[in-house]
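> Only the shape, not the letters, is given here:
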């Protein structure tokens, strides 16, 4: 697995996490379902390829990776 692939998976995880949090904050049930599906999908992808993610908060406080 390449570093670029791992970085892309982490970025996708960060975006999915942000979308899920935004949907919950806005009370968007449909958006929340879509974001939750994406979050589960990216976690499965990461697990399959050995990419470690912080399961409960993949983005930093300012919306950046890491934290």
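Here it is on my side, so go on. Bear in mind that the values here come from a model prediction, so they are computed numbers and not experimental data.
> middle-most residue in this protein, spatially?
In the chain, the C-alpha nearest the mean C-alpha coordinate belongs to residue 13, at 2.2 Å (CA atoms, centre = their mean).
> All the helices of the chain, residue numbers only.
3-26, 29-49 (DSSP state H).
> Mind checking those helices for the one nearest to residue 59?
For these, the distance to residue 59 is smallest for helix 3-26, at 4.3 Å, taking CB to CB. C-beta coordinates here come from the backbone N, C-alpha and C atoms, glycine included.
> List the buried residues of the closest one.
For helix 3-26, a neighbour-count test (16 or more other CB atoms under 10 Å) marks 6, 9-10, 12-17, 19-21, 23 as buried.
> what do you get for stretch 34-45?
35, 38, 39, 42, 43, 45.
> now it: mean pLDDT?
Averaging pLDDT along stretch 34-45 gives 95.
> And stretch 8-19, by the same measure?
Averaged over stretch 8-19, pLDDT sits at 93.
> ok now it, how far from the chain's centre?
Its chain's C-alpha centre and that of stretch 8-19 lie 3 Å apart, by CA atoms, centre = their mean, to the nearest Å.
> next one: stretch 14-24
With CA atoms, centre = their mean, you get 7 Å for stretch 14-24.
> Could you do stretch 16-33 as well?
The answer for stretch 16-33 is 12 Å, by CA atoms, centre = their mean.
> so the residue nearest to the centre of the chain makes contact with residue 53?
Yes. Using CB atoms under 8 Å, residue 13 is in contact with residue 53, at 5.2 Å.
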